[in-house]
Structures are given as structure tokens and as C-alpha cells.
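Enquirer: Everything below, folded, please.
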Amino acid sequence: MSLTETREPLLKGQRALVTGASSGIGAAIAKALAAAGAKVVVNYAGGAQRAQTVVAQIQANGGEAMAICADVSREEDVEAMFVQMFAAWDSIDILVNNAGLQKDAPLVEMSLADWRQVIDINLTGQFLCSRAAAREFLHRGIAPELSRATGKIICMSSVHDVIPWAGHANYAASKGGVSLLMKTLAQELAPQRIRVNAISPGAIKTPINAAAWSTPAAEADLLKLIPYRRVGEPDDIAQAAVWLASDASDYVTGATLYVDGGMTLYPGFDQGG
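Expert: This is a model prediction of the structure:
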């Protein structure tokens, strides 16, 4: 290819679904996938206006997107969302399981309702969406004009799939579950050329955790946990998602990509402990 030739977008013609995409990391991923050539479903459970804003931003940049409301913890919502997507775009090529939430409390104060809500959305939601996508991948088969893989699933996890987090037992348990769900799906689906991987973000600047970085003092304290000495941006995760969704990572499955500035390197031991 000469320097004057234009490369085809990495994901040209592919159809993607990003759950929990009305803000933060999910919104950044939706916009990055669209910029790479994919049509994108912006899923949301609340905040319809925010989801429509993400769709409008994608469309303003020449992309194609639509918003679909669905609670990923509800089987009927998930199935209806996929039906709506297929009615518009026939199939799916990329699923990004991003929807998640926190309901924090010390163990002895955590309610069963808060435990169940976090597990239902963060873990069961990924199971339900992955099952629906895999069924379509297997029904449709490989489309070599779009991708070398039959389909791609990206599971959003967290550094807390390996780092214990006191006061967040439900969240840490859900992300540990995501890790082995992803690996098991990858093992099971690899013979059908379906790739399943995970991204585990560290500290990322999103509205949900603004208190941890929005003041100089808070950010300085947070940076003690990050060897790379900067707090991540949503686009750091979005670019990793584009790579995992593309044929550039075609030989990668069952892997967790830690995008964390080194947070999982046990920074407290950088001087020998």
C-alpha cells in the first residue's frame, strides 16, 4: 500500500452492540467502534437523552447508530433488544458487554437486594447478552467479507477481577465471575471461530468515580496506586476495544487485557515492600 492510499476502516460494515453505552466507558467505546466503520447499537437502561446524544454524536461524524433501551439483567429485555437489532441490521458481529454498576457497602451492612442487583447486571447480564450473540453467530456462520472470525465478544471486567476490594464484595465477586465466564465461553466457542476476550480497566476518569480524581488532592492520592502516574481516560479503553473487535487481534481469544497504567503490578512493593 502506498502512502497516498487510504486504508479501509478496521470494522467497515460490521454491526456492534455496546451495552451500557449512554455514558462513560460505554459511550467512548460506541463512538470508537463507529469511527472504525461499525454500525453501533447504543444500549441503555436509564438516561434515554444521554443515549440519544451518543447516537447523534456518531451520526454527526458520519457513522450509523441507534439507541435501544433494555435492562440486561432481564432475559426478556435482552431477547427483545437483539430482535430489534436484527430487524434493522440483519445480524451482529461484535458484542461489547459493558453494562455494570456498583452498590457499595461493608459486608455486614450489604443488603441481599444490593448483592443481587450487582450480580444480576454485571454478571448475569453478560451471560444473557453473550448467549444471544453466540446463538446468532452460530446460526449465521462466518462472513469472510466482514471478518476472519464468526463473531467477537468483549467482556468488560475490572482490575478487581484480581485485586480484592474491601467494601465492594458484590462488585469484586461479579468481576471475578466475568473473568471465568469469559474464559469458559472462549474455550467453548473457539472451534466455531468465535473470539471472546475481556478488558479490565483500572482507574478511568468517568462521572461515576469523579470524587477519586476531580481535585488535585484526590488525584494525587489515586496516583499512588498507578505506576504509570496518570489516571486513564475512556478512550484508552475504547481503543483497546476496537483492537479486540478487529482482525488485528484475530489470534487472540480467552485473554484479559489490563488497561490500568500498571495498577495490577502491586505498586506498594515498588521499593521492595
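Enquirer: which parts of the longest helix along the chain are buried?
Expert: Looking across the chain with DSSP state H, the single longest helix is helix 169-189. By 16 or more other C-beta atoms under 10 Å, the buried positions in helix 169-189 come out as 169-179, 181-183, 185-186, 189. For every residue, glycine as well, the C-beta is placed using N, CA and C.
Enquirer: Likewise for stretch 127-145?
Expert: So stretch 127-145, judged by 16+ other C-beta under 10 Å, has buried residues 127-130, 132-134, 136-137, 143.
Enquirer: one step back: please state the offset of the longest helix of the chain from the chain centre?
Expert: In terms of C-alpha atoms, centre = their mean, to the nearest Å, the centre of helix 169-189 is found 13 Å from the chain centre.
Enquirer: could you give the mean pLDDT of it?
Expert: Here helix 169-189 scores 98 as its mean pLDDT.
Enquirer: next helix or strand past that helix?
Expert: With elements assigned by DSSP states H and E, the helix or strand that comes after helix 169-189 is strand 194-201.
Enquirer: could you dump stretch 17-31 to CSV, C-alpha only?
Expert: Listed next in CSV are the C-alpha coordinates belonging to stretch 17-31 (Å, rounded to 0.1, in the frame of the first residue of the first chain):
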residue,chain,number,x,y,z
LEU,A,17,-23.9,-3.8,20.2
VAL,A,18,-22.5,-2.0,23.3
THR,A,19,-24.4,-2.4,26.5
GLY,A,20,-24.5,0.5,29.0
ALA,A,21,-23.3,2.9,26.3
SER,A,22,-25.1,6.1,27.2
SER,A,23,-22.1,7.5,29.2
GLY,A,24,-18.6,6.9,30.3
ILE,A,25,-16.6,4.0,29.0
GLY,A,26,-19.5,2.6,27.1
ALA,A,27,-20.2,5.8,25.2
ALA,A,28,-16.5,6.1,24.3
ILE,A,29,-16.4,2.5,23.0
ALA,A,30,-19.6,3.1,20.9
LYS,A,31,-18.1,6.2,19.3
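Enquirer: where does the protein have its least confident helix or strand?
Expert: helix 216-223 (a mean of 93; mean pLDDT, DSSP states H and E).
Enquirer: distance between whichever helix or strand comes after it and the chain's centre?
Expert: Downstream of helix 216-223, the next assigned helix or strand under DSSP H and E is helix 234-245. How far helix 234-245 lies from its chain's middle: 9 Å, per C-alpha atoms, centre = their mean.
Enquirer: mind saving the C-alpha coords of helix 234-245 as CSV?
Expert: What follows is helix 234-245, C-alpha atoms only, in CSV (Å, rounded to 0.1, in the frame of the first residue of the first chain):
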residue,chain,number,x,y,z
PRO,A,234,-12.4,6.4,28.5
ASP,A,235,-10.7,6.5,25.1
ASP,A,236,-7.9,4.3,26.5
ILE,A,237,-10.5,1.6,26.9
ALA,A,238,-12.2,2.4,23.7
GLN,A,239,-9.1,1.9,21.6
ALA,A,240,-8.4,-1.4,23.2
ALA,A,241,-12.0,-2.5,22.4
VAL,A,242,-11.5,-1.5,18.7
TRP,A,243,-8.4,-3.7,18.5
LEU,A,244,-10.0,-6.7,20.1
ALA,A,245,-13.0,-6.3,17.8
